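J.: sequence below, structure please.
(4 chains)
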2 protein chains.
Amino acid sequence: MSATIYDIAKRCNCSIATVSKVFNNTGTISKKKREEILRVSHELGYIPSESARGLAKADKTTKMIGVLLHINDDKSIGHYLFSSILNSFRIVVEQYGYDVAFLSKIEEDSPYTYLDKVKSRGFDGVFVISANKTETKVKHLFESDYPLVAFDNPGSGCTLTSNNKEIVSELVDYLVSKGHRKICYILPQNKGIAKIRFEGFIEGLKRNGIEFDERMVIPGSYFTIDSVEKETDLALKSGIEPTVIMYPDDYSAVNAIPYLRKLGMKVPSNISVTGFDGIDIASVMHPSIVTVKQDAKSIGYEAAMALIKLINKEPVQKRKIVVPALICEGTSVKNIG
Amino acid sequence: MSATIYDIAKRCNCSIATVSKVFNNTGTISKKKREEILRVSHELGYIPSESARGLAKADKTTKMIGVLLHINDDKSIGHYLFSSILNSFRIVVEQYGYDVAFLSKIEEDSPYTYLDKVKSRGFDGVFVISANKTETKVKHLFESDYPLVAFDNPGSGCTLTSNNKEIVSELVDYLVSKGHRKICYILPQNKGIAKIRFEGFIEGLKRNGIEFDERMVIPGSYFTIDSVEKETDLALKSGIEPTVIMYPDDYSAVNAIPYLRKLGMKVPSNISVTGFDGIDIASVMHPSIVTVKQDAKSIGYEAAMALIKLINKEPVQKRKIVVPALICEGTSVKNIG
DNA sequence: CTGAAAGCGCTAACAG
DNA sequence: CTGTTAGCGCTTTCAG
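T.: Numbering: from 1, shown residues only, chains lettered A, B, ... in the order given. Have a look, this model is predicted:
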């Protein structure tokens, strides 16, 4: 098989300890010996075995981080968001010498939990990007004192989340700054993240001195083609004659545009629209959609930095890190000021 | 720290060998002993250390597969395709007991290559989803005899690829079946994958008895908003009065629709369009875009099965696996038959 | 059916 | 500055 420190020690007439030391930059080795060892190692194509290292090291450290990212075929938006977060996370932790591995799915009937998996692989820390909180298998992870960082999973050790409420209120600010005051908000379901966003809407109205009118809120759902048309109808007939409709996602906003045109209204000349998510097409369409995008890059970065600190047992400032989302400007909102 | 086989051996009044055997289903252990060991292990929360296993096992197997997936911030389509492939790959290999880890980026000035990384981590195999072939660091990987499967990387061990040429010719078949014969094809650049697809276009024409006319081909580029408009103009003025325009990507097709409308043509009543890639929005838009989608799920599956066979030293049927892409039907093409 | 013992490749005192 | 030695937790003959 591959060369080991024994091989290279023999060739260099020294002990394996010496070889180990040069590869760990520990102890003190004469420059000459160090260079010889390095050269011979290169010749023999010697590569330290991480398994052996993991075993031998006093701190049992493997320089591997586990990522919990459940896979589901649907939900492309989440999928896209998650993999963007993962990418940016990877870039950072790799810079610090960590490799990233997935925590493979554990079946309900397995005797093991994710915590077991983490221990067995000796991961130095865990990043939970997306987990089904209802699953019992993940519970232990959160309850353990393993270095752990999670996205959108309130209640765990160190948590990352977007400022969903704040950003929606800022989107209202933006609309107001463009002269809009008659705003219709499509509310998919008043719970979870949708609820938090809706609170932002209310807050935005308040901050801008716009009196809340029940008719501004159109109950609806995340995108389906039927729902968009229905909600749009309702918004137009709400009695407040909205100058802008805030849709709950970009798909809805994108599809509202041709529907509105069919009704004889052009976006943004006659009516403005906003979306949510920041899918790629939103920015290249005509008109481009004003929308909100979670800052995947920053989320990944913050998660990485926090986790590395936890691993190194350094104090981490906040238990809950809120990453500002971004308003993506576009041409789907007209300045009617 | 965690319990080891020593702890559980002591508690069960047996040797560590016995414990090891029950966890590996090797040797022959009395039912009674096995159950006792299992019970005690559970009580003590014993989890085998994969590092130690990796070291001790004769075959040096780690049940870990490395994935090479370069990260770039842009290129969302590729990004989406790659992570879809990775997802489906993960699902399969995890079913076979493998964990998946990323091969972390190796800097140009590092003395190590990806092959070194793979050896050092002891990965059982490698899946190259996206690699910069020009990079010297990856060369060694392909040249080694490590179990390896690659996507779209001709010239390597076992390669996966979509039937780019075939599928475009089939798209032509589809258009012809809808009565189209005056087809404009936007050609981004006659090389690489674009070239292969263009060959499919030519083949499709031939197969359907349509004489090739130079004016059918509009030189252009992958999506930019300017290029779409320019190409569309050129297609309309080409002199062949196309009934359908084949755009090189979905972004272009999506954006062509409002532009065509501005010119007084409605899609698909007055003119049809097709895209390429199968981005999500393509199917939910109005009209929905007829497009082609690489079958990420099958690619991931085939890659997984092939790699597992390579790892097990079983014969793998084909060195080059071609995965059929999918035509996504939609309403952007009118039946003018 | 079970155990003793020899490693796997490496780190980490400790001694020189 | 370098070497000796004792493990890390587990697998794997080989005896019994």
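J.: what about the strands in chain A?
T.: A:64-69, A:99-102, A:125-130, A:148-151, A:158-162, A:183-187, A:217-219, A:244-246, A:272-274, A:291-293, A:320-323, A:326-328 (DSSP state E).
J.: how about those strands, which one is nearest chain B?
T.: Judged by Cβ to the nearest Cβ, the one of the strands of chain A that comes nearest to chain B is strand A:99-102, at 3.6 Å. The way it works is simple: take the backbone N, C-alpha and C, and place the C-beta from them, glycine included.
J.: which strands or helices does that closest one pack on?
T.: For strand A:99-102, the packing partners by 3 or more Cβ pairs under 8 Å, 6 or more residues apart in numbering or on different chains; DSSP states H and E come out as strand A:64-69, helix A:76-95, strand B:99-102.
J.: now do it: everything it contacts.
T.: If you take Cβ atoms under 8 Å, 6 or more residues apart in numbering or on different chains as the criterion, strand A:99-102 is touched by A:63-69, A:86, A:89-90, A:93-94, A:121, A:123, B:64, B:90, B:99-104, B:121.
J.: pick out the residue of the stretch 101-250 of chain A closest to DNA strand C.
T.: Proximity of the stretch 101-250 of chain A to DNA strand C (Cβ to the nearest atom of the strand) peaks at residue A:122, 12.9 Å away.
J.: how close does that residue get to DNA strand D?
T.: To DNA strand D, residue A:122 is 9 Å away according to Cβ to the nearest atom of the strand, to the nearest Å.
J.: kindly report the same for residue A:112.
T.: Distance, residue A:112 to DNA strand D, by Cβ to the nearest atom of the strand: 13 Å.
J.: wait, residue A:128 sits on residue A:68?
T.: Yes - Residue A:128 sits in contact with residue A:68 when judged by Cβ atoms under 8 Å, with a separation of 4.5 Å.
J.: who touches both of these two?
T.: Jointly contacting residue A:128 and residue A:68 under the rule Cβ under 8 Å, 6+ apart are A:138, A:141.
J.: so how far is residue B:101 from the closest residue to residue A:52 other than its chain neighbours?
T.: Using Cβ to Cβ, 6 or more residues apart in numbering or on different chains and skipping the chain neighbours, the partner closest in space to residue A:52 is residue B:55 (5.3 Å). According to Cβ to Cβ, to the nearest Å, residue B:55 and residue B:101 sit 18 Å apart.
J.: more neighbours: the two, which one.
T.: Neighbour count, other Cβ atoms under 10 Å in any protein chain shown: between residue B:55 and residue B:101, residue B:101 has more, with 22 against 18.
J.: hmm, back to that, got the contact list for the closest residue in space to the residue of the stretch 101-250 of chain A closest to DNA strand C that isn't next to it in sequence?
T.: The shortest distance from residue A:122 to any non-neighbouring residue, by Cβ to Cβ, 6+ apart, is to residue A:62 (4.3 Å). For residue A:62, the contacting residues are A:50, A:53-54, A:121-124, B:51, by Cβ under 8 Å, 6+ apart.
J.: which residues touch the closest residue to residue A:20 other than its chain neighbours?
T.: Spatial nearest neighbour of residue A:20, excluding adjacent residues (Cβ to Cβ, 6+ apart): residue A:5 at 6.0 Å. Neighbouring residues of residue A:5 by Cβ under 8 Å, 6+ apart: A:16, A:19-20, A:23, A:46, A:48.
J.: what separation do you get for the residue nearest the centre of chain A and DNA strand C?
T.: Most central in chain A under Cα atoms, centre = their mean is residue A:85, positioned 3.8 Å from the mean C-alpha point. Distance, residue A:85 to DNA strand C, using Cβ to the nearest atom of the strand: 32 Å.
J.: sorry, back to before: give me the buried subset of the contacts of residue A:5.
T.: The neighbour-count test (16 or more other Cβ atoms under 10 Å in any protein chain shown) applied to the contacts of residue A:5 identifies A:19-20, A:23, A:46, A:48 as buried.
J.: spatially, which two of the residues you listed are the most separated?
T.: Using Cβ to Cβ, the buried ones among the contacts of residue A:5 span at most 11.6 Å, a distance reached by A:20 and A:46.
J.: where do the helices sit along the stretch 201-337 of chain A?
T.: Here the stretch 201-337 of chain A has its helices, by DSSP state H, counting those that start in this stretch, at A:225-236, A:250-262, A:280-284, A:296-311.
J.: so residue A:300 makes contact with residue A:87?
T.: Yes - when contacts are counted by Cβ under 8 Å, residue A:300 is listed as touching residue A:87 (6.7 Å).
J.: comparing these two, which residue is more hemmed in?
T.: Neighbour totals were compared for residue A:300 and residue A:87, and residue A:300 leads with 25 against 18 (other Cβ under 10 Å).
J.: the closest residue to that one other than its chain neighbours: neighbouring residues, count only.
T.: Leaving aside its sequence neighbours, residue A:300 sits nearest to residue A:88 (Cβ to Cβ, 6+ apart; 2.9 Å). Residues near residue A:88, counting by other Cβ under 10 Å, number 22.
J.: residue A:317 too?
T.: Neighbour count of residue A:317, defined by other Cβ under 10 Å: 8.
J.: same deal with the one 3 residues further on?
T.: Residues near residue A:320, counting by other Cβ under 10 Å, number 10.
J.: right, and it touches residue A:157 too?
T.: No - in this structure residue A:320 lies outside contact range of residue A:157 using Cβ under 8 Å: 10.1 Å.
J.: up against chain B, what does the stretch 51-200 of chain A have?
T.: Listed as neighbours of chain B in the stretch 51-200 of chain A under the rule Cβ under 8 Å from any Cβ of the partner chain: A:51-52, A:54-55, A:60, A:62, A:64, A:71, A:73, A:76, A:79-80, A:83-84, A:87, A:90-91, A:94, A:98-105, A:111-112, A:116, A:119-122.
J.: from the contacts of residue A:62, which is closest to residue A:277?
T.: Closest to residue A:277, out of all of the contacts of residue A:62 and judged by Cβ to Cβ, is residue A:123, at 31.2 Å.
J.: got a list of what the closest one touches?
T.: Residues in contact with residue A:123 (Cβ under 8 Å, 6+ apart) are A:62, A:64-66, A:101.
J.: any figure for the gap between it and residue A:146?
T.: From residue A:123 across to residue A:146, the span is 8 Å (Cβ to Cβ).
J.: try residue A:260
T.: From residue A:260 across to residue A:146, the span is 51 Å (Cβ to Cβ).
J.: and for residue A:94?
T.: Separation of residue A:94 from residue A:146 (Cβ to Cβ): 20 Å.
J.: got it, and residue A:128?
T.: 11 Å.
J.: between the two, which one's more packed in?
T.: Per other Cβ under 10 Å, whichever of residue A:128 and residue A:146 has more neighbours is residue A:128, with 27 against 20.
J.: how many residues are close by residue A:24?
T.: 11.
J.: ugh, typo on my part, it should be residue A:3
T.: For residue A:3, the number of neighbouring residues by other Cβ under 10 Å comes to 15.
J.: just the pLDDT at it, thanks.
T.: Per-residue pLDDT puts residue A:3 at 86.
J.: quick one on the thing from earlier: can you tell me which of the helices of the stretch 201-337 of chain A comes nearest to residue A:139?
T.: Proximity of the helices of the stretch 201-337 of chain A to residue A:139 was assessed by Cβ to Cβ; the nearest stretch is helix A:296-311, lying at 19.2 Å.
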